[in-house]
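1. When you get a sec, could you give me coordinates for this:
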Amino acid sequence: MNRTALRARWVRDGLAEDAADAAADMVAAEKWGADATGFGPWLVERKTFDKAHLRDLYLCFACLEGAPAAVEHFLASVLRPAARRAPAEARDDLVGRLSERLLVGAKPRLASYAGRSALSAWVAMVVKREVVDAKRTSERRGQDGHGDDTGQWSRLLSGGVPGLESDVAGRQAGRALDQALRAALSELPASERALLQRHYLRGEPHHRLAEEHGVPRSTMALRLTRLRDALLHRVKELLLEGGVSPRSLSSFIRAGRRALDERFDGDQGPPTARGAKR
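-> Residues are numbered from 1 along each chain as shown. Below you'll find the model as predicted:
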């Protein structure tokens with residue numbers, strides 16, 4: 001649809017003529033590859049937007065429409081620069097977590113951008129809140145004893161190493177299990193580690209996590225199952241490297257799955273895990 005036709009359609013949709021003119025010019029200038037037909041009605045929904053931020057609004061619209069060029073530009077030019085306010089070691093996790101919340105799901109947060117300020121400033125505020133919340137969460141976990149969950153994981157998985165607490169070899173294996181768990185968990189991105197902890201240690205049901213992340217329940221259940229299995233396989237690998245005998249670990253994966261899955265009843269545990277071949 002050409003500029004004139006787009007403008008006329010948007011005016012019929014309720015967009016003011018001066019805003020329709022500016023928006024049509026913006027669409028012509030910015031080639032994001034999105035179908036711009038719905039941009040006018042989308043602007044109408046944002047009644048108090050500032051025309052000075054039309055470029056930002058069109059970028060948001062194109063991202064929400066799934067235009068790859070727009071998403072790439074948003075990540076590179078808006079989100080990643082804003083994430084520089086986070087500690088260097090946390091930036092990649094922060095970008096991954098926020099890109100999912102801003103762009104994915106039934107209600108992506110980017111849809112709430114109303115164009116009353118620059119998009120860069122709006123995203124910077126989102127990042128600032130996320131950094132503050134993460135810091136507070138970390139402090140609370142430190143205060144209530146959840147700063148290091150290795151002990152909880154170790155108690156759950158110790159049944160997978162026969163004789164773990166019965167003799168000298170078992171005590172050595174117990175120390176190796178703690179070390180392997182700590183190392184394996186530290187290798188995970190913070191967002192994946194948090195999912196495992198919240199579900200398998202703290203009992204948060206997968207449907208609640210799915211709603212929070214804006215994904216179907218089945219997707220979250222599968223993600224949790226894959227993360228669980230990846231953690232178990234990595235721990236087993238580290239235990240073998242640490243000198244625990246293969247014979248002692250012959251049932252580790254199967255026992256670990258059972259120990260984690262049996263902590264839940266009903267729909268709290270991953271359904272795919274319960275029916276999976278062990």
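
2. Show me which positions of whatever helix or strand His207 lives in end up buried.
-> If you go by DSSP states H and E, His207 is part of helix 206-213. Across helix 206-213, burial judged by 16 or more other CB atoms under 10 Å covers 206, 209-211, 213. Backbone N, C-alpha and C define where each C-beta goes, glycine included.

3. quick one: what helix or strand has the nearest residue in space to Leu57 that is not next to it in sequence in it?
-> Nearest residue to Leu57 in three dimensions, chain neighbours excluded: Gly115, at 4.5 Å (CB to CB, 6 or more residues apart in numbering). When elements are assigned from DSSP H and E, Gly115 belongs to no helix and no strand.

4. so what's Gln152 up against?
-> The contact partners of Gln152, taken as CB atoms under 8 Å, 6 or more residues apart in numbering, are Leu201.

5. List the buried residues of the helix or strand harbouring it.
-> Using DSSP H and E, Gln152 maps to helix 150-157. The neighbour-count check on helix 150-157 (16+ other CB under 10 Å) flags 150, 152-154, 156-157 as buried.

6. With pLDDT as extra columns, can I get those in a markdown table?
-> Shown next, in a markdown table, are these (pLDDT from 0 to 100):
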| residue | pLDDT |
| --- | --- |
| Thr150 | 76 |
| Gln152 | 78 |
| Trp153 | 83 |
| Ser154 | 79 |
| Leu156 | 76 |
| Leu157 | 79 |
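
7. Kindly report the domain assignment for this structure.
-> Structural domains annotated on the chain: 3-139, 148-274, as defined by automatic domain parsing.

8. In terms of mean pLDDT, which of these ranks lowest?
-> Looking over these, mean pLDDT reaches its minimum on domain 148-274, with a mean of 76.

9. Ramachandran coordinates for the residue nearest to Leu57?
-> Note on Gly115: its backbone torsions stand at phi 80, psi 20 [degrees, to the nearest 10].

10. got the end-to-end distance for stretch 7-18?
-> 10 Å (CA to CA, to the nearest Å).

11. if we can go back for a sec, how near is the residue nearest to Leu57 to Lys107?
-> 18 Å (CB to CB, to the nearest Å).

12. Can you report how many residues lie near Ala121?
-> The tally of other residues near Ala121 (other CB atoms under 10 Å) stands at 11.

13. cool, and Ser112?
-> Residues near Ser112, counting by other CB under 10 Å, number 12.

14. Return the residues in contact with it.
-> Here Ser112 is in contact with no residue (CB under 8 Å, 6+ apart).

15. any idea how far it lies from Arg228?
-> Going from Ser112 to Arg228 by CB to CB gives 33 Å.

16. Alright, calling it a day.
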